[in-house]
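In: Give me the fold of what follows.
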Amino acid sequence: MSSTASARNGTWRNWGGTVAARPAREVAPTSVEELAEAVRRAAEDGLRVKAVGTGHSFTAIAATDGVLIRPQLLTGIREINRADMTVTVEAGTPLKRLNIALAREGLSLTNMGDIMEQTVSGATSTGTHGTGRESASMAAQIKGLELVTADGSLLRCSEKENPEVFAAARIGLGALGIVTAITFAVEPVFLLTAREEPMPLDRVLADFDELWAENEHFEFYWFPHTGSTNTKRNNRSAGPEQPVGRLQGWLEDEFLSNGVFQAANVLGRTVPATVPAIARLSSRALSARTYTDIPYKVFTSPRRVRFVEMEYAVPRAALVDTLRELRAMVERSGLRISFPVEVRTAPADDIALSTASGRDSAYVAVHMFRGTPYREYFTAAEQIFTAHEGRPHWGKLHTRTAEYLAGVYPRFGEFTALRDRLDPDRLFLNDHLRRVLGP
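Out: As a prediction, this is how the structure comes out:
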């Protein structure tokens, strides 16, 4: 099954099946010059412009009835600078391709999310993150970027060049222009030892601060209707490399986590009364394991079961209360939740619209199998998250508006003022951005 967005009969659809749009035209430029010309022509024709990668955002952030830019031909590494330890990559490059190419060169990103199907520009523009005690989101690893702005000009940004744009455009939501290239910080490739093991939820919550402090990367999955979690601790290792065996990897990552899990969710969607029993079986399906490998093979996993998702960042100090409230809500609601709740962390960063902007954060992600009613669950979860001043992930479902977001992002006004300067006529506007940023 394809992991990218689809287009049939002129209709674009995202990966999660939550958004469909019919652009007036699609453009797949082969160069930055062609992209800039497409932007200028759209402005002349009175059409708005959006760029889309693989469509992994659940929101309508990339939807348009104007010109849809598809950057799949703007791919590849432009330059590896070993003196500065950076890599400059075209915006349409899939993360998977970047990770493999860097590994061949003996290099790696410091941290990343848990999938690598997205393009580098799509992932960073929406704030994609993994989990880390000191290492932050992908956007926080950006050292420079290029942006085609509303007048068709190319703007280069870094801490030294157009720093006020750089401060915001690393997570730009597609509202400031179209990213054409990104320069990431890299480091010599290293090994991570991953330790995965089941752990009772009560113990995880009681010991969360200790588990977070003792591990470079800590995350866990809680299975609603159970008191069980599956925890994962990733720490740098001197080796030796001991990857997951091919058979074990297929059995656990493909057969159980994707094949059997897919079948279980189909059953749960058809017969909701079976969900609690399925959750109990799912929580016991994966055994403890330890392995050591290069970063992208530890951080990322195949995700073939389609779902819809909401994720909020709350202050890290509020995580335990948030999870306890979420569990109590599920227990009293009668809801049937077949997908685990994912919990990760990130340190504070200095990006204007980063979900970790200015505060140490914890992420709580709720999911439902695609095709299963999700609004009651997500609405109840969102009420808990917003009570803790939660910030919604820009690429995942939520109902917040600019009024709310301006109150939880101290630098929100800084971003919108820059947007007024770079795109005064709102060439890059769509209905979603109008809701979350204002007109």
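In: How are the strands of the stretch 151-300 of the chain distributed by residue range?
Out: Taking DSSP state E, counting those that start in this stretch to define them, one finds strands in the stretch 151-300 of the chain at 154-158, 178-185, 187-188, 191-200, 217-222, 228-237, 289-293.
In: State the number of residues packed around Gly106.
Out: 11 (other C-beta atoms under 10 Å). In short, each C-beta sits where N, CA and C put it, glycine included.
In: phi, psi of the closest residue to it other than its chain neighbours?
Out: Excluding the flanking residues, the one nearest Gly106 by C-beta to C-beta, 6 or more residues apart in numbering is Val189, at 5.2 Å. Phi and psi for Val189, reported as degrees, to the nearest 10, are phi -60, psi 140.
In: now Pro373
Out: phi -60, psi 130.
In: how near is it to Met329?
Out: Counting by C-beta to C-beta, to the nearest Å, the gap between Pro373 and Met329 amounts to 16 Å.
In: what about the two, which has more around it?
Out: Met329 (16 against 12).
In: quick one: low-confidence ranges for this structure?
Out: 1-9, 247-260, 285-286 (pLDDT under 70).
In: ok, back up a step: does the residue nearest to Gly106 touch Ser108 like I think?
Out: Yes: Val189 lies in contact with Ser108 (C-beta atoms under 8 Å); the separation is 4.5 Å.
In: what do the two both touch?
Out: Residues touching both Val189 and Ser108 by C-beta atoms under 8 Å, 6 or more residues apart in numbering: 102, 294-295.
In: would you turn those residues into a markdown table with distance to Glu117 and neighbour count?
Out: Shown next, in a markdown table, are these (distance: C-beta to C-beta, whole Å; neighbours: other C-beta atoms under 10 Å):
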| residue | distance to Glu117 | neighbour count |
| --- | --- | --- |
| Leu102 | 17 | 23 |
| Ile294 | 19 | 18 |
| Pro295 | 17 | 24 |
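In: Looking at the residues you listed, which are in helices?
Out: 102, 295 (DSSP state H).
In: need the contact list for the residue nearest to Gly106.
Out: Counting by C-beta under 8 Å, 6+ apart, Val189 has contacts 102-103, 106-108, 294-295.
In: ok, 6 Å please
Out: By C-beta atoms under 6 Å, 6 or more residues apart in numbering, Val189 lies in contact with 103, 106-108, 294.
In: Check the chain and tell me which residue is nearest its centre.
Out: Nearest residue to the geometric centre of the chain (C-alpha atoms, centre = their mean): Thr128, 3.1 Å.
In: how much space between the nearest residue to Asn234 once chain neighbours are set aside and Ala313?
Out: Ranked by C-beta to C-beta, 6+ apart and with sequence neighbours excluded, the top spatial neighbour of Asn234 is His217, at 3.9 Å. Plainly put, His217 is 16 Å away from Ala313 if you go by C-beta to C-beta.
In: okay, those two: which has more neighbours?
Out: More crowded of His217 and Ala313, by other C-beta under 10 Å: Ala313, with 28 against 24.
In: host element of that one?
Out: strand 307-315 (DSSP states H and E).
In: Could you figure out how far the next helix or strand after that strand is turned away from strand 307-315?
Out: Downstream of strand 307-315, the first helix or strand assigned by DSSP H and E is helix 319-333. Relative orientation of helix 319-333 and strand 307-315, computed by axes from the mean of the first three to the mean of the last three C-alpha atoms, to 10 degrees: 140 degrees.
In: and helix 319-333, how far from the chain's centre?
Out: 23 Å (C-alpha atoms, centre = their mean, to the nearest Å).
In: before we move on, what about stretch 138-150?
Out: 16 Å.
In: And for that stretch, what's in contact with it?
Out: Contacts to stretch 138-150, defined as C-beta under 6 Å, 6+ apart, come from residues 35-36, 39, 86, 123-124, 128, 154-158, 169-171, 177-185, 349, 351, 422-423, 427.
In: ok, now stretch 91-110?
Out: 71-72, 74-75, 77, 89, 116, 118-121, 135, 179-181, 186, 189, 294-296.
In: Give me the buried positions along that stretch.
Out: By neighbour count on 16 or more other C-beta atoms under 10 Å, the buried set for stretch 91-110 is 91-95, 97-99, 101-102, 107-110.
In: Check the residues you listed and tell me the two furthest apart.
Out: Gly92 and Thr110 (22.5 Å; C-beta to C-beta).
In: Could you chop the protein up by domain?
Out: With domains defined by automatic domain parsing, the chain comprises 79-188, 191-293+305-392.
In: To Thr401, which of those lies closest?
Out: Closest approach to Thr401 among those (C-beta to C-beta): domain 191-293+305-392, 10.8 Å.
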